[in-house]
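> here are the coordinates; sequence isn't available:
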């Protein structure tokens, strides 16, 4: 289940009979430095409904999201005197604010918790590291569908097969589908009239029809009538069944079709059907393990290495091996194996196209019944969990465990290899840019906004080729009016603030050896103007030369722009220095978008409540702490609201919400 931490041992089932213990903080007498006041937990502010609770630290960063059937009982358990794990103790010491989100049922709380964790990725939650890397094969919902890869599921009637974590594996799948089923991959938009005639409405790739794919037998050519609409749609139907693992039924249908074609003396068509059957048979006969029972079943095992757990899921369909997925889970050492298994099952199986009938595991998750009910409600179908004790199923699970160990070793080698690659690339990068020494510390900046609103910037830091996330920084742009779009001015403001705080401990003791701007000539010119203005009244950090140590990386052609040279520098697209700069740029982009999304959400909440007469900051805070969100406030009864607001404020709330 998504990141729901098990209650601490010996937690009382109801409110504690002893006064709640405040999160421990150092005694102010122990230091001359002023200390923040301790957080005092007030249980009366926590509702008794099902929902989610959110813990924030002194910097208002989200620490943890959990779910509960009874929010007050669950939150009380963190502040009771019962023994807690080191992780829980550390987290409680950091808590300075609690928010709740009230929902109707435990099931809704489970789904909401999963969404909040994926959105905000709190520090103390277990996170699926490869969540954004899942790939699906999509068969579009069109009269003449095409196949493509995607990382997002759009509920538009399209068919999805997956997920996979290897883009190479999916490219091979698409090649196979083209070769065997001859399904199109082009971006043509086509319509079909009642008589079955095909019209090409849009041809964005300017292809000559039929295109090369048709001539090399990778497409059956529905665009020019080389295959009828009915025949093409039948191929699509067979492909969907094949991707679900129903090869036996597909082959039986093809066998019947081939015999009918032969009986009608359509020998050329029968030969094509025969070849299609041979290709499918060849692709599915390389099996080391088979089950007589055709029931869909998965085998899930994992290997822990440091703060990570490496999961492998092996899928069998129609008794034959169909697919294997490798997924990395963030796994704090104090989390139990059972909790990790529960997290994997909940986060991974929400993304599959269909649940298997059986899942075999090395250990059962906590509260498996609730997990199964949630999965079946969310994904459809029926599934059971098993712990194999002997026989071939135990042997396959052990094999999955060996694959998980291999996956962990492979990941460790890849991580070391990338770090080594980037570290070794620094001298080469310094030489290419004309620097006097390799740039050990590199900072990269990016701008993100939503139509000119909530404009923010990000700063990411790499030292010796390794990301230093603890030194990442976020900026809220102050110089632009709401709705004003000016990336150049925004970038200039960010660099001005960075230079102005060069000696601030918060922004690191040392100044970077290289500053990378996500953009082209325009962004670089704006930054240089800001640096020049700064230098007129301030001292640029010693040893830093803006003319050589500030560059811009343009995404389209991956060109590097420098202040002193009008022509861009183009590195080899496969070189380690360029890959390092691309990694920096992509990380800055990701970090900026995350900050922008959070700023938009905060703005949305603020704008609604601040427009209500008589609702001040203190009342707004109480409302959000009690009901969790604007939606929760709107759904609350008048009696519940009257416990927080006056009769006049209640009337204003009802008129607005």
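Received, thanks. Keep in mind it's a predicted model, so treat the numbers as computed, not measured. Numbering: from 1, shown residues only.

> And the most far-flung residue of the chain relative to its centre, how close does it get to residue 229?
Most distant residue from the mean C-alpha position of the chain: residue 265, 54.1 Å away (C-alpha atoms, centre = their mean). According to C-beta to C-beta, to the nearest Å, residue 265 and residue 229 sit 24 Å apart. Glycine gets a C-beta too; all of them are placed from N, C-alpha and C.

> quick one on the thing from earlier: give the helix, strand or coil label for the residue farthest from the centre of the chain.
coil (DSSP: H, G, I helix; E, B strand; the rest coil).

> again with residue 161
Per three-state DSSP, residue 161 ends up strand.

> Please tell me the pLDDT value assigned to the residue farthest from the centre of the chain.
Note on residue 265: pLDDT of 83.

> Got phi/psi on it?
Phi and psi for residue 265, reported as degrees, to the nearest 10, are phi 60, psi 30.

> for it, what are its contacts?
If you count contacts by C-beta atoms under 8 Å, 6 or more residues apart in numbering, residue 265 has none.

> So residue 323 lies in a strand, does it not?
Yes. With three-state DSSP as the criterion, residue 323 is part of a strand.

> Use 30 as the first number for this chain going forward.
Understood, numbering begins at 30; the last thing we discussed is residue 352.

> didn't it look like it was pressed against residue 344?
Yes. Here residue 352 reaches residue 344: they are 4.4 Å apart, a contact under C-beta atoms under 8 Å.

> low pLDDT regions in the stretch 380-529 of the chain?
Within the stretch 380-529 of the chain, the segments meeting pLDDT under 70 span 442-448, 481.

> again, only using 80
Where the stretch 380-529 of the chain drops to pLDDT under 80, the residues are 380-383, 406-410, 438-450, 478-483, 510-512, 529.

> Tell me the secondary structure at residue 96.
Assignment for residue 96 (three-state DSSP): strand.

> and it, how many neighbours?
28 (other C-beta atoms under 10 Å).

> Can you name the residues bridging to it?
residue 81 (DSSP bridges).

> try residue 129
Counting by DSSP bridges, residue 129 is bridged to residue 82.

> What does the pLDDT read for residue 542?
90.

> Ignore what I typed, I meant residue 48.
pLDDT, residue 48: 37.

> rounded to a whole number, what's the mean pLDDT of the helix or strand harbouring residue 372?
Assigned by DSSP states H and E, residue 372 belongs to helix 366-378. Averaging pLDDT along helix 366-378 yields 89.

> What residues sit buried inside it?
Neighbour counts over helix 366-378 (16 or more other C-beta atoms under 10 Å) mark 367, 368, 369, 370, 371, 372, 373, 374, 375, 376, 377, 378 as buried.

> My read is that the second one contacts residue 392, right?
No. Between residue 368 and residue 392 no contact is recorded; they are 9.9 Å apart, counting by C-beta under 8 Å.

> I'd say residue 514 and residue 477 touch.
No. With contact defined as C-beta under 8 Å, residue 514 does not reach residue 477; the gap is 11.7 Å.

> neighbour-wise, which of these two wins?
Ranked by neighbour count (other C-beta under 10 Å), residue 514 and residue 477 place residue 477 first, with 24 against 13.

> And the longest helix seen in the chain, what does it pack against?
Longest helix in the chain, counting residues (DSSP state H): helix 420-462. When contacts are defined as 3 or more C-beta pairs under 8 Å, 6 or more residues apart in numbering; DSSP states H and E, helix 420-462 packs onto strand 326-334, strand 337-346, strand 349-359, strand 387-389, strand 495-496, helix 605-639.

> angle of it against strand 326-334?
50 degrees (axes from the mean of the first three to the mean of the last three C-alpha atoms, to 10 degrees).

> Skip ahead from helix 420-462 and say which helix or strand is next.
In N-to-C order, the element after helix 420-462 by DSSP H and E is strand 470-479.

> Which parts of the next helix or strand after that next one count as buried, going by neighbours?
Using DSSP H and E, the next helix or strand after strand 470-479 towards the C-terminus is strand 482-492. Across strand 482-492, burial judged by 16+ other C-beta under 10 Å covers 483, 484, 485, 486, 487, 488, 489, 490, 491, 492.

> Also stretch 619-629?
Quick answer for stretch 619-629 (16+ other C-beta under 10 Å): 620, 621, 623, 624, 625, 626, 627, 628.
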